[in-house]
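Visitor: next comes the sequence, and after it the predicted model I'd like to discuss.
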Amino acid sequence: MFRKMAAEFFGTFWLVFGGCGSAVLAASFLDLGIGLAGVSLAFGLTVVTMAYAVGHISGGHFNPAVTIGLWVGGRCPTGDVAPYMVSQVLGAIAAAGVLYVIASGAAGFDLVQGGFASNGYAEHSPGGYGLIACLVAEVVLTAGFLMVIMGVTDTRAPAGFAPLAIGLALTLIHLISIPVTNTSVNPARSTGQALFVGGWALHQLWLFWVAPIVGGALGAGLYRVLFASR
């Protein structure tokens, strides 16, 4: 269990540091910024690389919504759920801390004004999307994410390609929803950033726990009912 928890900690650390780091440090840097597409790809690459690196140890969840979804889908033992989620949240917080140290070294850095890649709705949505729109987006996209994960890790799926498909799915999710919520689909990712921003980010954090977990459970449950082998 210690090795599994360590794998989940470092996998989530890499996801948050790489994904949110690309948004905070590189998305709009002068004329060399990587933009929405670059940030989306960065999140996908973090999952691909860590899934290949430590996925064989813990299963490569790196996300409480994935852990709960896989539990609903019959792919995660009950005893792993709480340790995995704790490790994921701690990894995300550690990554946000390291990112803060780096980002704050630049002149003019403003944690609150810049948002620090936090997730939000209404006035804190990048595109000004309201609560219901953001709720629906997070539920539907996380559900789709879990259906992909359940499908590509099915014993009937081609072996060895699951990390690529999962990473590409996460890239697609970010391409769709960065303008809506800044893309969560991962409560740990949202928590790490919100703890540093505080204020509005903490007040709105509930949505980015509830919606991804509901969506993850829904997507995995649907796959189990509709597509799982009997």
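Guide: Arrived safely.
Visitor: nearest residue to the middle of the protein?
Guide: residue 186 (3.6 Å; CA atoms, centre = their mean).
Visitor: ok, the spatially closest residue to it that is not a sequence neighbour - contacts?
Guide: With CB to CB, 6 or more residues apart in numbering as the criterion, residue 186 has its nearest non-adjacent residue at 4.3 Å, and that residue is residue 63. C-betas here are computed from N, CA, C, even on glycine. By CB atoms under 8 Å, 6 or more residues apart in numbering, the contact list for residue 63 reads 12, 15, 88, 185-189, 212.
Visitor: give me the distance between the two termini of stretch 182-191.
Guide: Using CA to CA, to the nearest Å, one end of stretch 182-191 lies 13 Å from the other.
Visitor: any residues touching it, and which ones?
Guide: Residues external to stretch 182-191 that are found in contact with it (CB under 8 Å, 6+ apart): 12, 15-16, 19-20, 23, 43, 62-66, 85, 88-89, 91-93, 115, 117-120, 125-126, 138, 141-142, 145, 170, 173-174, 177, 205, 208-209, 211-213, 215.
Visitor: now, which of the residues you listed lie within helices?
Guide: Under the assignment DSSP state H, those contribute 12, 15-16, 19-20, 43, 64-66, 85, 88-89, 91-93, 138, 141-142, 145, 170, 173-174, 177, 208-209, 211-213, 215 to helices.
Visitor: what's the spacing between the closest residue in space to residue 222 that isn't next to it in sequence and residue 226?
Guide: Counting by CB to CB, 6+ apart, the nearest residue to residue 222 once its immediate chain neighbours are dropped is residue 147, at 6.6 Å. If you measure residue 147 against residue 226 using CB to CB, to the nearest Å, the figure is 9 Å.
Visitor: so which of those two has more stuff around it?
Guide: A count of neighbours by other CB atoms under 10 Å puts residue 147 above the other of residue 147 and residue 226, at 22 against 8.
Visitor: give me the low-pLDDT residue ranges for this protein?
Guide: Applying pLDDT under 70 to the predicted model, the residue ranges of the chain that meet it are 29-32, 230.
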